[in-house]
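Novice: Build me a model from this:
(one chain, ligands or ions: 1)
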Amino acid sequence: MAKAEIITNIEAPIHLTSLFINLKSLNTIINVTSGLSFVPLTKVPVYSATKAFFHSFTLSTRNLLKDKNIEVIEMIPPALNTDLGGKGLHDTSPPVSEFIEAVFNQMKEGKTELTFGFSQNLANASSEDLKNTFNRMNQV
Ligand SMILES: NC(=O)c1ccc[n+]([C@@H]2O[C@H](COP(=O)([O-])OP(=O)(O)OC[C@H]3O[C@@H](n4cnc5c(N)ncnc54)[C@H](OP(=O)(O)O)[C@@H]3O)[C@@H](O)[C@H]2O)c1
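Specialist: Model (predicted):
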């Protein structure tokens with residue numbers, strides 16, 4: 001399970017990025033991270049760590065590809081109503097359609113960090129806020 005998550009969420013994006021940056025027509029990369037990139041949910045430690053990795057990798061690639069005029073966008077979903085992790089786990093989360101509408105509007109405004117609801121709070125939180133959120137999210 002951990003190995004599969006690392007392959008899908010870390011090794012595959014590195015591999016795909018290394019292939020895509022050789023395309024002459026490439027002008028945009030969109031990476032999907034998570035609110036958990038900023039605060040780990042301790043019941044999914046490997047998943048959370050892979051998303052923290054991907055956030056960091058996205059910051060670096062954005063900076064490295066700037067001179068080539070390749071834009072690197074980070075899509076940062078909060079919990080949304082999909083079957084991620086198993087059926088029923090996210091049934092009470094907002095629908096994907098609301099997230100999509102919000103992030104398309106942000107793209108039109110030229111934003112490169114696309115957030116929604118709780119992920120907006122996390123992506124802009126102070127270190128103190130992040131510590132408090134960590135404690136709230138991970139109460140046993
Ligand atoms: N839903 C949330 O609450 C939430 C929150 C934050 C971030 N995200 C992120 O949003 C992205 C999409 O998640 P989701 O909620 O839409 O999850 P999902 O409903 O479980 O969909 C995951 C998608 O990834 C594909 N996939 C999984 N493993 C793969 C592999 N090894 N090779 C190729 N494709 C693979 C699946 O393909 P198949 O359908 O063919 O299996 C499916 O299309 C993920 O990066 C997730 O981490 C989701």
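Novice: which residues of this protein fall in helices?
Specialist: 2-6, 12-20, 45-65, 96-108, 118-123, 127-137 (DSSP state H).
Novice: List the contacts of the third one.
Specialist: The list of residues contacting helix 45-65 from outside it, by CB atoms under 8 Å, 6 or more residues apart in numbering, reads 1-2, 5-6, 9-10, 13-14, 17, 21, 29, 31, 33-34, 36-38, 40-42, 71-72, 74, 76, 112. Any C-beta I mention is one placed from the backbone N, CA and C, and that applies to glycine too.
Novice: Which residue, other than its chain neighbours, is closest to residue 107?
Specialist: residue 114 (6.7 Å; CB to CB, 6 or more residues apart in numbering).
Novice: I'd like to know how many residues surround the one you found.
Specialist: 24 (other CB atoms under 10 Å).
Novice: do the same with the one 10 residues further on
Specialist: Applying other CB under 10 Å, we find 11 residues neighbouring residue 124.
Novice: May I have the phi/psi pair for it?
Specialist: Dihedral pair for residue 124: phi -110, psi 10, per degrees, to the nearest 10.
Novice: which residue is nearest the middle of this structure?
Specialist: For the chain, residue 33 is the residue whose C-alpha lies nearest the centre (CA atoms, centre = their mean; 1.3 Å).
Novice: Is that one in contact with residue 78, as I believe?
Specialist: No: taking contacts as CB atoms under 8 Å, residue 33 lies outside contact range of residue 78: 11.2 Å.
Novice: Which pLDDT value goes with the residue of the chain most remote from its centre?
Specialist: Ranking residues of the chain by C-alpha distance from their mean position (CA atoms, centre = their mean) puts residue 24 at the top, at 25.8 Å. Residue 24 carries a pLDDT value of 94.
Novice: what does this protein put close to the ligand?
Specialist: 8, 32, 34, 77, 79, 80, 82, 83, 84, 90, 93 (CB under 6 Å from any ligand atom).
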